[in-house]
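Chemist: following is a predicted model, sequence given first.
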Amino acid sequence: MDQNARVFGEMFTQLAALHPTRPALRDKSGTNVSFGAFNRRINRLNHAVAQRGLKQGDRVAILAKNSLAYVELFGLTKTGIVIVPLNWRLSLTELQALVAHCQPRIIFADDEFLATALAVQNNRASMVVAMGSGAPDVLPLSALSETGTDQEPQSSVAPDDPLCIIYTSGTTGAPKGVLHTHRTALDNMRVSSHAAQGLGPGDRVMAVMPLFHIGGLLLHFFSAFSAGCTTTLLTEFSPRSVLETIRDHRISNVHLVPTMIAAVLDRYDAAPVDVSTLKTILYAASPIPSTLLRRALITLPDCGFVQSYGATESGMVTVLSAQQHIAAHDADTARILMSCGQPVADRAVRVIADGRPCPPDAIGEIEVKSPGVMAGYWKNSAASGAAVTDGWLKTGDLGYIDENGFIYIVDRKNDMIITGGENVYPTEVEEHLCRLDGVAAAAVFGLPDPRWVEKVAAAIVTAPGAALSGTAVMEAIRSELAAYKCPKSVFFLAELPKNATGKVLRKELRQMALSGEIV
């Protein structure tokens, strides 16, 4: 992609001119489309929706799993249509609220979610279009596109116009619609493609993260697409599919979250396949236990690991490079494996506590200023003003910066436990729990306590064949941590509740414990 591209739609046009016959997209079944053909499909779709009265600034929503058609819909940004990717895991009530908030002219839906789309179409204010074969009374995307032409559409889109609205996960409150412009999206894509991953036209990429999340959408998929890579899309994650796709499509780059990495390593140990083409795994979205990271580095010694930190509002902020991962094998630098790297490409980061900048190693709230920060929250000026002051975005993440500029995320501000006046950061306790024999996964959260206001609680998933008791866990951890940090209650679960990006839902664990669902 031309580094001087001003708006998102120019990417499709430029790539079609540079690589007209090179495969742009594939799915696991082997279906593929070239950059040239893909651009023509996008042009037809833009003309088709214009014939139906859609204009610049109108929203369209997508309720679907990853697919070639999903990516095609982002081509509507050529004419200034604003894309709203919806999380298909949400409940009907949650989706109704989001649709009412963004008011899309069209909801494009997989056949699997057509009934849901029809139910949330805001009293028929939104038209529903089927991305598959559809139903007898629902227009399919293929029929809609047929009414358009291959000619490049006319456009007056500007860099600061809205590109997409990505809803936050709502783990700390009602979801908010994060607005990214053409400028902020392109900035994040370029930083991820070049500064973080070093992608080029020869790379073969696998996209398995959901495209309704900024990590899967802008920081991985479109960063690869914009670099001219050939990308294989997986509908959703399974360890077997990931490994088979790496083998069969000779994948060189993939983005996974820590829980996915753990599952892939388990599958690889049980049924190894040829992954010799894999040269980069980008991981992000949640902290990675040091034991899991070291296991990954040992299991896949020829693969480079790159960590990135960011958020829906901030875009990509930091990178811990593959070279820094290798250097961290030395005892003197091993600590940096616990960091999320250093700021990249015009990203300024500071840590604030009590309204003042923190000295090195002091914990406070991380704030970010960069060209990739969101334009604001859709239809929520109060929240936008509270989140960004003088260009500095308050991330809601607690962390610190060491003397070498490496950034360490301690926890979410809203997840911090205050017990007896002392601050406890769940991630720190989880790190120690995951080192115990027999612990496959752990999550720490706060519960009400009449004496201490809050007490530390832990939910644990045991490793296969392991036998653990709450008493044994609490005794083992006491030698590792200060008494106030140690869990006072331990619950055992078959699996931890997570959102679509692999983040553990501590709020849900707290509710489960309070309701007696887990004991």
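Modeler: Alright, I've got the coordinates. For clarity, every value in this text was computed on a predicted model and none was experimentally measured.

Chemist: and stretch 112-130, what's buried?
Modeler: 113-114, 116-118, 120-121, 126-130 (16 or more other Cβ atoms under 10 Å). C-beta: built from backbone N, CA, C; applies to glycine.

Chemist: span of it from start to end?
Modeler: Stretch 112-130 has its terminal residues 10 Å apart, counting by Cα to Cα, to the nearest Å.

Chemist: and for that stretch, what's in contact with it?
Modeler: 52, 61, 63-65, 88, 92, 95-96, 99-100, 103-111, 134-135, 138-141, 144 (Cβ atoms under 8 Å, 6 or more residues apart in numbering).

Chemist: and for stretch 185-202?
Modeler: Stretch 185-202 is contacted from outside by 3, 5, 7-8, 11, 19, 22, 159, 163-164, 180, 205, 214, 218-220, 222-224, 226-229, 253, 280, 282, 306, 308, 310, 315-316, 319, 321, 344-345, 347, 370-372, using Cβ under 8 Å, 6+ apart.

Chemist: buried subset of the residues you listed?
Modeler: Among the contacts of stretch 185-202, those that count as buried by neighbour count (16+ other Cβ under 10 Å) are 5, 7-8, 11, 19, 159, 163-164, 180, 205, 214, 218-220, 222-224, 226-229, 253, 280, 282, 306, 308, 310, 315-316, 319, 321, 344-345, 347, 370, 372.

Chemist: which ones among these are found in helices?
Modeler: Among the buried ones among the contacts of stretch 185-202, the members found in helices (DSSP state H) are 8, 11, 214, 222-224, 226.

Chemist: just the pLDDT for P287.
Modeler: Looking at P287, its pLDDT is 62.

Chemist: meant to ask about P360
Modeler: 95.

Chemist: ok, for it, nearest residue in space, not its chain neighbours?
Modeler: Nearest residue to P360, sequence neighbours excluded (Cβ to Cβ, 6 or more residues apart in numbering): E403, at 4.7 Å.

Chemist: burial measure for that neighbour, as a count.
Modeler: E403 has 8 neighbours, counted by other Cβ atoms under 10 Å.

Chemist: so how far is T312 from the closest residue to A224 other than its chain neighbours?
Modeler: If the residues on either side of it in the chain are set aside, A224 comes closest to V205, at 4.1 Å by Cβ to Cβ, 6+ apart. Per Cβ to Cβ, to the nearest Å, V205 is found 22 Å from T312.

Chemist: just the buried residues of stretch 112-130: which are in helices?
Modeler: 114, 116-118.

Chemist: reformat those as a markdown table; add distance to D248.
Modeler: Output for those, formatted as a markdown table (distance: Cβ to Cβ, whole Å):
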| residue | distance to D248 |
| --- | --- |
| L114 | 31 |
| T116 | 32 |
| A117 | 33 |
| L118 | 37 |
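
Chemist: L393 - that's part of a strand, no?
Modeler: Yes. Applying DSSP: H, G, I helix; E, B strand; the rest coil, one finds L393 inside a strand.

Chemist: related to what we said a few turns ago, check the ones in helices among the buried ones among the contacts of stretch 185-202 and tell me the two furthest apart.
Modeler: Farthest pair in those (Cβ to Cβ) is M11 and I214. Separation: 17.0 Å.

Chemist: mind showing which ranges of the stretch 201-350 of the chain have poor pLDDT?
Modeler: Within the stretch 201-350 of the chain, the ranges that satisfy pLDDT under 70 run 285-287, 329-333.

Chemist: go again with 80.
Modeler: Counting by pLDDT under 80, the ranges of the stretch 201-350 of the chain that qualify are 285-290, 328-334.

Chemist: what ranges does it have for its strands?
Modeler: Secondary structure of the stretch 201-350 of the chain by DSSP state E, counting those that start in this stretch: the strands cover 204-207, 230-233, 253-256, 280-283, 304-311, 315-320, 342-343, 348-353.

Chemist: for the last one, packing partners?
Modeler: When contacts are defined as 3 or more Cβ pairs under 8 Å, 6 or more residues apart in numbering; DSSP states H and E, strand 348-353 sits against strand 364-369, strand 392-401.

Chemist: contact partners for V306?
Modeler: V306 touches 196-197, 280-283, 319-322, 325, counting by Cβ under 8 Å, 6+ apart.

Chemist: just give me the closest of these to T501.
Modeler: Ranked by distance to T501 (Cβ to Cβ), the contacts of V306 are led by Y283 at 11.4 Å.

Chemist: neighbours of the closest one, how many?
Modeler: Neighbour count for Y283, taken as other Cβ under 10 Å: 23.

Chemist: give the bridge partners for it, please.
Modeler: Beta-bridge pairing of Y283 under DSSP bridges involves L256, Q307.

Chemist: what separates the one helix or strand I107 maps to from the chain centre, distance-wise?
Modeler: Taking DSSP states H and E as the criterion, I107 maps to strand 106-109. Centroid displacement of strand 106-109 relative to its chain, using Cα atoms, centre = their mean, to the nearest Å, is 22 Å.
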